[in-house]
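[1] Sequence unavailable; structure follows:
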């Protein structure tokens, strides 16, 4: 855990991530990015095109792992992560609405191997078509996933560790998670 915590701090620094309302325990760290890829057509008709501005979301994995150290049951761990993500989504709305470039942000995007059930949160799951990029992401996600599951019953299979895009339009995010001020 200590080694991963150090790696996380280095990654955070060099990737120029920002915390989303860290004082309230938001589980996301984010950065703006210019999307470079094939068009992604979302179910609500929004089209994400190359050069669109997106907010890339990262789970604060070290924080989550520390919070779940005492949990042995994989189902409880999965439900805990789901709940933490759901609780943190309104913070993404606030971040975008208060960001100087908020008007140009077209949506949020993340990459994960944990994509079961995310549609209930409003995300759409899209395949990563660039094979090189997918392998690169899998290279670091697989050890992280295994580290999270050390000494746990192995209910996962390597074939299920396929990274995918999670994406949500800004309109969808606002309609689901905008809270009254």
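    Cool, the structure landed. Predicted model, so just to flag it, every value in this text is computed and none were measured. Numbers count the residues shown, from 1 in each chain.

[2] hang on, residue 165 packs against residue 123?
    No: Residue 165 is beyond contact range of residue 123, at 9.1 Å (criterion: Cβ atoms under 8 Å). All C-beta spots, glycine's among them, are computed from the backbone N, C-alpha and C.

[3] tell me, what's touching those two both at once?
    residue 110 (Cβ atoms under 8 Å, 6 or more residues apart in numbering).

[4] Between those two, point out the one with more neighbours.
    residue 123 (24 against 21; other Cβ atoms under 10 Å).

[5] Chain neighbours aside, what residue packs nearest to that one?
    Ranked by Cβ to Cβ, 6 or more residues apart in numbering and with sequence neighbours excluded, the top spatial neighbour of residue 123 is residue 166, at 4.3 Å.

[6] what number of residues lie near that neighbour?
    Other residues close to residue 166 by other Cβ under 10 Å number 20.

[7] Would you agree it is in contact with residue 124?
    Yes: counting by Cβ under 8 Å, residue 166 does reach residue 124; the two are 7.4 Å apart.

[8] List the buried residues in the biggest helix by length in the chain.
    Determined from DSSP state H, the single longest helix within the chain is helix 74-98. If you call a residue buried by 16 or more other Cβ atoms under 10 Å, then helix 74-98 has these buried ones: 77-78, 81-82, 84-85, 88-96.
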